[in-house]
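[1] How does the following fold in three dimensions:
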Amino acid sequence: MSKNNELARTCMKTLHGGIWRSSISLVTKLRLYNVYILPVLLYGSGTWSVTEASRQRLDAFDQWCLRRILRVPYTAHVTNVLVRSQTNQDPVSSLIQQRRLKLFGHIARTAVQPQFRMCIMQGRRRCGTFLFTLSTARPTQRESCRHLSSSR
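    Numbering: from 1, shown residues only. Below is the predicted model of the structure:
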């Protein structure tokens, strides 16, 4: 998550002089933000385990971006609610929640092959590894997963 945050911050700063400080309309700036910044920030967000601290960091970055687009200085006493109402943007945390539910829906709809869903959802995850590996699976799971992978 922090890598995506830094990449999105770099993109935001790169576009600062050319786009955010130009006389382009607010609607166009928000479209550009939704097209160029949010995909970088939210890449892979469907699989993130979001903690409260990371949710607050992501929402704070989103607020920082929207304030730069609106040209609100950090010394101005403008509430976050007012910034959200002027831009009609949902918080990033709600977008992440939507993406996670969308991914879960895709996984849940694989009911045609419940063994495939079991291969995805079970297994112990060590740091830096995939959620499921054949070495951590039970023998019956290994055979059903091998059968599914060979039939695809």
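
[2] Name all residues that make contact with residue 47.
    Listed by Cβ atoms under 8 Å, 6 or more residues apart in numbering, the contact partners of residue 47 are 100, 103. The way it works is simple: take the backbone N, C-alpha and C, and place the C-beta from them, glycine included.

[3] any idea how far residue 1 is from it?
    According to Cβ to Cβ, to the nearest Å, residue 47 stands 11 Å off from residue 1.

[4] again with residue 94
    16 Å.

[5] Between those two, which has more neighbouring residues?
    The residue with more neighbours, out of residue 94 and residue 1, is residue 1; 18 against 12, by other Cβ atoms under 10 Å.

[6] Apart from its chain neighbours, what residue comes closest to that one?
    residue 54 (5.6 Å; Cβ to Cβ, 6 or more residues apart in numbering).

[7] how far is the helix or strand hosting that neighbour from where the chain is centred?
    Secondary-structure assignment from DSSP states H and E places residue 54 in helix 52-70. The offset between the C-alpha centroid of helix 52-70 and the centroid of the whole chain comes to 13 Å, using Cα atoms, centre = their mean, to the nearest Å.

[8] Can you tell me which helices and strands it packs against?
    Using 3 or more Cβ pairs under 8 Å, 6 or more residues apart in numbering; DSSP states H and E as the contact criterion, the elements in contact with helix 52-70 are helix 2-14, helix 26-32, helix 38-41, helix 80-87, helix 92-108.

[9] right, so of the ones you listed, which gets closest to residue 62?
    Nearest to residue 62 among the helices and strands packed on helix 52-70 is helix 92-108; the distance by Cβ to Cβ comes to 4.3 Å.

[10] contacts for that closest one?
    Contacts for helix 92-108 (Cβ under 8 Å, 6+ apart): 38, 41-42, 45-48, 50, 55, 58-59, 61-62, 117, 120-121.

[11] residues near the nearest residue to residue 74 once chain neighbours are set aside, how many?
    Nearest in space to residue 74, with sequence neighbours left out and distances taken as Cβ to Cβ, 6+ apart, is residue 67 at 7.4 Å. The local packing count at residue 67 equals 17, with neighbours defined by other Cβ under 10 Å.

[12] pLDDT score assigned to residue 67?
    Residue-level confidence at residue 67 comes out at 92, pLDDT.
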